[in-house]
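> need coordinates for the below:
(one chain, ligands or ions: 1)
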Amino acid sequence: MINSKTKLLGLIGHPVEHSLSPVMHNRALKDKNLNYVYLAFDVHPNKLKYVVDGAKALGTFKGFNVTVPYKVEVINYLDKLDREAQLIGAVNTVKIEDSIATGYNTDGLGARMALEEEIGKVKGKDILIVGAGGAARAVAFELAKDNNITVVNRTVERAKLLAEEIWRKLNRKVNYGDLKVDLRDYHILIHATPVGMYPHVNVKPVIDLEGIPRDMVVMDLIYNPRETALLREAKKRGAKTINGIGMLVYQGALAFEIWTGVKPDVEVMRRAVESCLLQS
Ligand SMILES: NC(=O)c1ccc[n+]([C@@H]2O[C@H](COP(=O)([O-])OP(=O)(O)OC[C@H]3O[C@@H](n4cnc5c(N)ncnc54)[C@H](OP(=O)(O)O)[C@@H]3O)[C@@H](O)[C@H]2O)c1
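This is a model prediction of the structure:
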């Protein structure tokens, strides 16, 4: 029941109406009997500072997720950043405690947890990341800690800048290049572009899957549709495929624990996401 003790969590982005986070978090909060409510806030581009200041001023507001297009800009209005958010240079989770707003980034670790849930420990692997945008950055910083990473991107300069940044901040060498890539050199492919996302579900994948090794693991960060054209083609060629639902659930579970101090039931969160996707 919502009452005078109910605490507020939320999502800040623009747009936000398609987000699955409110359903996922509210189910997990109910499951753990926590008196919080999670709402989505569609924030106008020139109002972000006021929204963060307002959230800090309201003692009831305990934290929020940040999505496109504010993951970088929001840093200007926060008081502290944890190490991962500093490394990645972007924030997807903010915790508010005594009017102090601290930024975190759970996307990279969320992606690693989703991958490891399916294939076990990921260490010392040759990993190809397709894309150099926000999601690719988070995943590259996380997996570069103990794997050999190559980033390929439509705009090669962005892949180069990301590789240079990871070298500077983590002292880990990352290769980079364009989308003409030989898949035989890799154990794992992580696709981090919006190509193939609903409603453009039949657009051809951005890389050629010819020569894909049969034992390759192909993860697409897209979760709608659950099976993208890339995953469909990879599966036909014998690869193990993983969609973006796991990453969505684990980045959310990590944020939930940061806000509430309670580990949520990831299966409850996954079922909430799956049921929304089945209805859409
Ligand atoms: N499962 C999850 O929890 C989760 C979390 C975050 C994101 N995602 C998904 O990850 C994907 C990427 O998100 P993002 O936030 O990283 O987006 P972003 O910051 O806008 O980056 C987009 C990336 O995709 C590339 N790209 C876009 N259109 C392309 C095209 N037609 N051909 C080739 N490359 C193209 C861009 O290349 P250029 O640099 O050349 O523009 C860039 O590297 C989205 O589908 C998003 O839904 C999933």
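
> every contact and neighbour count from this point should use C-alpha atoms.
OK.

> look up phi and psi at A229.
Dihedral pair for A229: phi -60, psi -40, per degrees, to the nearest 10.

> P213: neighbour count?
Residues lying near P213 (other Cα atoms under 10 Å) number 18.

> excluding sequence neighbours, find me the nearest residue to it.
Once flanking residues are discounted, P213 sits nearest to R184: 5.8 Å by Cα to Cα, 6 or more residues apart in numbering.

> before we move on, what about L230?
Nearest non-adjacent residue to L230, counting by Cα to Cα, 6+ apart: P205, 5.4 Å away.

> try K56
S99 (4.7 Å).

> now the strands: where do they sit in the stretch 51-200 of the chain?
61-66, 80-81, 93-97, 100-104, 126-130, 148-152, 174-177, 188-191 (DSSP state E, counting those that start in this stretch).

> switch the ones you listed over to a markdown table; also include distance to E17, mean neighbour count and mean pLDDT.
Listed next are the strands of the stretch 51-200 of the chain as a markdown table, based on distance: least, Cα to Cα, whole Å; neighbours: other Cα atoms under 10 Å; pLDDT from 0 to 100:
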| stretch | distance to E17 | mean neighbour count | mean pLDDT |
| --- | --- | --- | --- |
| strand 61-66 | 14 | 25 | 98 |
| strand 80-81 | 27 | 18 | 98 |
| strand 93-97 | 18 | 24 | 98 |
| strand 100-104 | 23 | 23 | 98 |
| strand 126-130 | 27 | 23 | 98 |
| strand 148-152 | 31 | 23 | 98 |
| strand 174-177 | 35 | 20 | 98 |
| strand 188-191 | 24 | 23 | 98 |
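
> format those strands as TSV; extra columns: distance to N35.
Below are the strands of the stretch 51-200 of the chain laid out as TSV (distance: least, Cα to Cα, whole Å):
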stretch	distance to N35
strand 61-66	12
strand 80-81	26
strand 93-97	16
strand 100-104	21
strand 126-130	39
strand 148-152	42
strand 174-177	44
strand 188-191	37
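
> ok, which of those strands comes nearest V217?
With respect to V217, and counting by Cα to Cα, the nearest of these is strand 188-191 at 4.7 Å.

> could you list the domains of this structure?
Domain segmentation of the chain under automatic domain parsing yields 7-105+246-279, 108-243.

> please list the residues of this protein that sit near the ligand.
The chain comes close to the ligand at residues 131-136, 153-155, 158, 192-195, 197, 206, 221-223, 244-245, 247-248, as judged by Cα under 6 Å from any ligand atom.

> surely V139 is in contact with M113?
No - counting by Cα atoms under 8 Å, V139 does not reach M113; the two are 10.9 Å apart.

> tell me the contacts of the residue nearest to K56?
S99 makes contact with 56-57, 59, according to Cα atoms under 8 Å, 6 or more residues apart in numbering.
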